[in-house]
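prediction below, plus the sequence it came from.
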Amino acid sequence: MLDTQNCRELLMDTAKRLLTIDSPSGFTHKVVDEAERIARDAGCAVRRTNKGNLIVSLPGREIGKQVGLCAHIDTLGLMVRSITADGMLMITKVGGPILPTLDGEYCKIYTRDGRVYTGTILSLSPAAHVFDDASTRPREEKDLAVRIDEKVKSKADVEALGISAGDYVCFDPKTTVTDSGFLKSRFIDDKGSAACLLTLLTLMKEQGLTPRYDTQVCFTVHEEVGHGGATLPAVDELLAVDMGCVGDDLSCTEYQVSICAKDSAGPYDYDMVTRLIELAKSNGVDYAVDIYPHYSSDVSVAWKTGMDAKGALIGPGVHASHGMERTHFDGMKATIDLIGLYLELA
C-alpha cells in the first residue's frame with residue numbers, strides 16, 4: 001500500500017517546478033525536460049514521441065493487460081498575431097484562456113532566435129484618465145495587446161528586437177503555496193495532476209512499489225489544443241488524470257479527487273468508473289462523482305483516433321479553471337491515493 005502521509009513538501013515542490021516553466025501548447029520542450037529529469041531521478045525508463053509526449057514505462061508484476069495513465073503538461077497561452085504602428089503586440093489565443101482575467105497580467109515574449117522580453121497584457125483602453133470606455137471595453141482578442149518593456153515607438157522598433165508574428169507570449173502563473181495547504185496558480189490544469197503522477201513515481205521508488213500490470217505513464221503536450229491524446233501508446237485501459245471541476249451544479253471540492261462519469265464526449269467506461277468509485281469508497285479516499293458538460297480529455301481524443309481501450313478520468317478538484325486556479329493538498333493527495341489503488345501497487 002502506498003504511503004502518502006508525508007508527501008506534501010515533495011508534491012508542492014514538484015508542482016512548483018512544473019508550474020514556473022512556461023509551456024503553452026507547441027512550446028513545451030523545457031517543461032518536458034524537467035518532467036523527464038524528475039522521472040529519471042525516480043529510476044524510471046523514459047522515451048519521447050515524435051510529437052513530444054513523454055512516456056514513462058513501469059514494468060508490472062503480472063502479465064495480463066497494459067495500463068496507461070496520462071496527464072498533460074502543456075498550458076494555455078498567447079501568440080503574437082501582429083505588431084501595431086505604435087509598437088504594441090496584438091495577440092491570438094493558444095487554447096482557451098478566459099481573456100478578461102489577462103488584463104493587467106505580466107508576460108514574457110519569446111522570439112524564434114532565443115531572446116526573451118517582458119511586457120504587460122493590457123486593454124487597448126488602459127487608462128481611466130484617458131479613455132471613456134476604460135472599464136467597459138470588452139476584453140477580447142481584438143481589444144487586448146502587449147505593452148513591451150523596451151523603448152519602442154513603432155513597428156520597426158519592435159521588429160528590430162527580433163519580435164515577429166508567431167512568437168509565444170506566456171503570462172505569469174503567479175504560483176503560490178499557502179501555509180493552509182492551497183496551491184494557487186494558473187495552469188494547475190493540468191500541471192497539478194502531472195505533479196501528482198511524478199510524485200507518485202518518486203514515492204514508488206522510495207517505498208519499493210510496482211504496479212500489478214505493465215503501465216505507461218504519459219505526459220502529453222497538445223491537450224489544450226485538442227490532440228494531446230492522439231498518439232498515445234496502445235493500452236487496454238487509459239486513465240486520464242486531469243483537473244476536477246468545482247462550481248455550479250457540481251459536488252466536487254478542492255479537497256477531493258473527482259471521478260468524472262461523463263463529459264462533452266460522452267460517458268466514460270462504466271466498469272472502470274465503477275471500479276474507481278468502489279476503490280475510493282472502500283479505502284476511505286475522499287471523492288466525488290460529477291458530470292462535466294464543458295470538458296473533454298486526452299481519453300476522448302484517443303478514442304476518436306481509434307484506440308480500443310477502456311477509459312476513465314479523475315483529478316483533484318480545481319476552482320476557477322482557465323483563470324486564476326486553486327486546489328488543495330488534500331485533493332491532490334486523494335488523487336495520488338486513488339491512482340495507487342487503481343495500479344494495485346505492492
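Happy to help now that I have it.

without its sequence neighbours, what residue ends up closest to Arg212?
With sequence-adjacent residues excluded and distances taken as CB to CB, 6 or more residues apart in numbering, Arg212 is closest to Glu344, at 3.8 Å. Using the backbone N, CA and C atoms, a C-beta is placed for each residue, glycine as well.

residue contacts, that neighbour?
By CB atoms under 8 Å, 6 or more residues apart in numbering, Glu344 lies in contact with 211-213.

can you say which of those are buried?
For these, a neighbour count by 16 or more other CB atoms under 10 Å gives the buried set as 211-213.

hey, where'd the helices end up in the stretch 151-300 of the chain?
Assigned by DSSP state H, counting those that start in this stretch, the stretch 151-300 of the chain shows helices spanning 155-160, 188-207, 270-282, 298-304.

could I get those as CSV with distance to Glu62?
Shown next, in CSV, are the helices of the stretch 151-300 of the chain (distance: least, CB to CB, whole Å):
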stretch, distance to Glu62
helix 155-160, 60
helix 188-207, 16
helix 270-282, 17
helix 298-304, 24
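
quick one: residues contacting the spatially closest residue to Val80 that is not a sequence neighbour.
Nearest non-adjacent residue to Val80, counting by CB to CB, 6+ apart: Asp167, 4.5 Å away. Applying CB under 8 Å, 6+ apart, one finds that Asp167 lies in contact with 79-80, 109-112.

redo that, cut-off 10 Å
27, 78-80, 89, 109-113, 115, 117 (CB atoms under 10 Å, 6 or more residues apart in numbering).

buried residues in stretch 60-68?
Quick answer for stretch 60-68 (16+ other CB under 10 Å): 60, 66-68.

show only the entries of those found in strands.
66-68 (DSSP state E).

quick one: which of the contacts of Glu344 is nearest Ile339?
Taking CB to CB as the measure, Ile339 sits nearest to Pro211 out of the contacts of Glu344, at 9.8 Å.

dihedrals phi and psi, the closest one?
phi -80, psi 160 (degrees, to the nearest 10).

got JSON lines for the contacts of Asp167, with neighbour count too?
Compiled in JSON lines, these are given as follows (neighbours: other CB atoms under 10 Å):
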{"residue": "Phe27", "neighbour count": "19"}
{"residue": "Leu78", "neighbour count": "27"}
{"residue": "Met79", "neighbour count": "20"}
{"residue": "Val80", "neighbour count": "21"}
{"residue": "Leu89", "neighbour count": "28"}
{"residue": "Ile109", "neighbour count": "25"}
{"residue": "Tyr110", "neighbour count": "19"}
{"residue": "Thr111", "neighbour count": "16"}
{"residue": "Arg112", "neighbour count": "11"}
{"residue": "Asp113", "neighbour count": "8"}
{"residue": "Arg115", "neighbour count": "12"}
{"residue": "Tyr117", "neighbour count": "21"}
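
show me which pair in the residues you listed is furthest apart.
It's Leu78 and Asp113 that sit farthest apart of the contacts of Asp167, by CB to CB, at 19.2 Å.

quick one: contacts for Asp22?
With contact taken as CB under 10 Å, 6+ apart, Asp22 is in contact with 28, 30-31, 75, 77, 107-108, 110, 116, 168-173, 187.

what does Ala165 give?
Per CB under 10 Å, 6+ apart, neighbours of Ala165: 79-83, 89-90, 92.

and of those residues, the nearest to Thr49?
Met79 (23.3 Å).

which non-adjacent residue is nearest that closest one?
Thr92 (5.2 Å).

am I right that that neighbour sits in a helix?
No. Counting by DSSP: H, G, I helix; E, B strand; the rest coil, one finds Thr92 to be strand, located in no helix.

that one against Glu140, yeah?
No. Between Thr92 and Glu140 there is no contact under CB atoms under 10 Å: 11.3 Å.

quick one: contacts for the residue nearest the centre of the chain?
Note on the chain: the residue nearest the mean C-alpha position is Asp190, at 2.0 Å, using CA atoms, centre = their mean. Contact analysis of Asp190 by CB under 10 Å, 6+ apart lists 18, 70-75, 196-197, 219-220, 223-224, 228, 240-243, 297-298, 315-316, 318.

and stretch 102-113, how far out from the chain middle?
19 Å (CA atoms, centre = their mean, to the nearest Å).

what do you get for stretch 126-143?
31 Å.

ok, stretch 65-83 next?
7 Å.

run a quick neighbour tally on Pro59.
By the criterion of other CB atoms under 10 Å, Pro59 has 10 neighbours.

what strand or helix carries the nearest residue to Thr253 once chain neighbours are set aside?
Sequence neighbours aside, Gly317 is the residue nearest to Thr253 in space, at 5.2 Å (criterion: CB to CB, 6+ apart). Remark: Gly317 resides in strand 310-318, with elements defined by DSSP states H and E.

by how many degrees do that strand and helix 188-207 diverge?
Counting by axes from the mean of the first three to the mean of the last three CA atoms, to 10 degrees, strand 310-318 lies at 100 degrees to helix 188-207.

right, and Ala309 touches Leu232 too?
Yes. Using CB under 10 Å, Ala309 is in contact with Leu232, at 8.9 Å.

now for those two: what residues contact both?
Both Ala309 and Leu232 are in contact with 68, 238, 299, 302, where contact means CB under 10 Å, 6+ apart.
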